[in-house]
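Student: fold the following, please.
(one chain, ligands or ions: 1)
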Amino acid sequence: MKKDSLSKAALAVAFLGLAVWGGLPLYRHRHRGVPVVKGPGVTAVLRLSEFSPGLKGTAGDTFVFVLQGKAPGGKALLMGNTHANEPEGMLAALIFIENAVVEKGTLYVIPFFNNSASRNTRPGDGYPLYFDIATDWGACRFRYGNRDASPLDQWPDPDVYIHYPERQLLSYIDVRNTNRTWPGRPDGPLMERVTFGAMELMRRESVDLAIDIHGAETMFPVTNCIVAPEKSVKIATLASLTVKAMEGFENHVEPSPAGFRGLSHREIGDHGPSLPFLLEAPIPFLDQPTGPKTTKLLLDGKDPFLLSLSRKKKLFVPYDEDGWPLEKRVGQNLSVALEIFRQFSKKSAGRPIAVRGVPRYADAVKDGVGRFLADPAKAAPGGVIMN
Ligand SMILES: [Zn+2]
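Tutor: Numbering: from 1, shown residues only. Purely as a prediction, here's the structure:
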């Protein structure tokens, strides 16, 4: 009898030990902060809960960096990490926050739009928890997140997600996907409160342009493109043609389907004053048939299986031994966003948006992404926000 209780106790201790051993890295990942340095153009830092009070005190709340220009003009909202496993959006947003000087107009930048998803992971797919970007001042470490918010923050999932307000039936998992929960509502599930906050910001501040930055598989047809609804398509087309002519990279325009609800490029334009754009850069890491999901693949985008599929013409982007490195992906996003501002300003004389100090495609490809990330150790007192 005594021997039996002893072995039960030993098993319980072993089980607890394994749970702590397995859980601690996830706990650390969820609570680790990423430094965001307030650059020369940042004039205020807000919380999204100021526009959506139902976010207050939750992991859905997130920072909104305001860069108000010296002269009045138009307004633009930039969002990264709608999907926190597509870091080229978050990095482009950080580069704007840390480098941009706004001459005319105002920028609102949300680098961790789905803050909860940036603290989530996908262990079944072998996702790394972190990735490092080399900079002049050492390695800068970022959390690698997931497509959807953490179930620790929003749970349980429904059997089917019924989109609000259109009542279209979506996959259950999309209730935690901030690119399906637009336009949101103030008292809906947490991710609807996130998108509602951004809608309120756009409505209250009369934001002209909303740019939601993503990455997409090379085997997915909607990749390497600007997704735009009817009202944004002219500016998107001009931006696409200009970057191709002036900067030598392809970024075609895809129409936003009217019948597919909940997406930023559809709902933002239907429920508020802003012209929406969704940027997709190819991210080989997200493709299914690749080798191990390593940080190397995440950063350089080189994979032998994709290379052989490319020779069989199965990919929707050109792909060779050079892969599709992060610098190219982030650089495209920077140039396309700047070009959307420029094209909008040309057409709307009273609401110009003029930004300087932000690198373009060629700068990011030549110098790397890390060159444009600020050193938090050299920031002014109070100049670093931990996200
Ligand atoms: Zn995405």
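
Student: the residue in the stretch 101-250 of the chain positioned nearest to the ion: how many residues sit nearby?
Tutor: Closest approach between the stretch 101-250 of the chain and the ion, counting by CB to the ion: His214, at 3.4 Å. Using the backbone N, CA and C atoms, a C-beta is placed for each residue, glycine as well. Neighbour count of His214, defined by other CB atoms under 10 Å: 23.

Student: okay, and it sits in which element?
Tutor: strand 209-216 (DSSP states H and E).

Student: thinking again about what came up before, and the residue of the stretch 101-250 of the chain closest to the ion, what does it touch?
Tutor: Residues counted as contacts of His214 (CB atoms under 8 Å, 6 or more residues apart in numbering) are Thr82, His83, Glu86, Gly89, Asn179, Leu278, Leu279, Glu280, Ala281.

Student: per-residue pLDDT of it, please?
Tutor: In this model, His214 is scored at 97, pLDDT.

Student: what of Met1?
Tutor: At Met1, the pLDDT value in this model is 60.

Student: near the ion, which residues of the stretch 201-350 of the chain? Just list them.
Tutor: His214 (CB under 5 Å from the ion).

Student: all strands for the stretch 201-350 of the chain, in order.
Tutor: 209-216, 225-228, 252-255, 275-282 (DSSP state E, counting those that start in this stretch).

Student: using a markdown table, lay out these together with distance to Lys56.
Tutor: Below are these laid out as a markdown table (distance: least, CB to CB, whole Å):
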| stretch | distance to Lys56 |
| --- | --- |
| strand 209-216 | 23 |
| strand 225-228 | 32 |
| strand 252-255 | 36 |
| strand 275-282 | 26 |
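
Student: ok, back up a step: sheet-wise, list the partners of the strand holding His214 with their directions.
Tutor: strand 71-79 (parallel), strand 275-282 (parallel) (DSSP bridges).

Student: out of these, deepest packed?
Tutor: strand 275-282 (a mean of 28; mean count of other CB atoms under 10 Å).

Student: please save the CA atoms from that strand in CSV.
Tutor: The C-alpha trace of strand 275-282 is given here as CSV (Å, rounded to 0.1, in the frame of the first residue of the first chain):
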residue,chain,number,x,y,z
LEU,A,275,-9.8,54.3,-48.2
PRO,A,276,-8.5,50.8,-47.3
PHE,A,277,-5.4,49.0,-48.7
LEU,A,278,-4.1,45.6,-47.7
LEU,A,279,-0.5,44.9,-48.6
GLU,A,280,0.7,41.3,-49.1
ALA,A,281,4.4,40.4,-49.4
PRO,A,282,5.4,36.8,-50.1
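
Student: chain center to it, what's the gap?
Tutor: 11 Å (CA atoms, centre = their mean, to the nearest Å).

Student: ok, now stretch 232-239?
Tutor: Chain-centre distance of stretch 232-239: 21 Å, with CA atoms, centre = their mean.

Student: change the start of the numbering to 142 and stick with it
Tutor: Happy to do that; since the first residue is 142 now, the last one works out to stretch 373-380.

Student: need phi/psi at the residue nearest to Leu342 when sequence neighbours are not counted.
Tutor: The shortest distance from Leu342 to any non-neighbouring residue, by CB to CB, 6 or more residues apart in numbering, is to Phe192 (4.7 Å). Backbone torsions of Phe192, given as degrees, to the nearest 10, read phi -110, psi -10.

Student: list the contacts of Arg402.
Tutor: With contacts defined as CB under 8 Å, 6+ apart, the neighbours of Arg402 are His304, Glu307, Gln309, Leu311, Arg321, Glu408.

Student: Phe390 reaches Ala505, doesn't it?
Tutor: No: using CB atoms under 8 Å as the test, Phe390 is too far from Ala505 to be in contact (11.1 Å).

Student: check which helix or strand covers Met332.
Tutor: Going by DSSP H and E, Met332 is in helix 331-346.

Student: mean confidence score for that helix?
Tutor: 98.

Student: list the helices and strands that helix packs on?
Tutor: strand 212-220, strand 242-251, helix 405-412 (3 or more CB pairs under 8 Å, 6 or more residues apart in numbering; DSSP states H and E).

Student: now tabulate these in TSV and tack on mean pLDDT and distance to Pro466.
Tutor: Formatted as TSV, the helices and strands packed on helix 331-346 follow (pLDDT from 0 to 100; distance: least, CB to CB, whole Å):
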stretch	mean pLDDT	distance to Pro466
strand 212-220	98	22
strand 242-251	98	24
helix 405-412	98	26
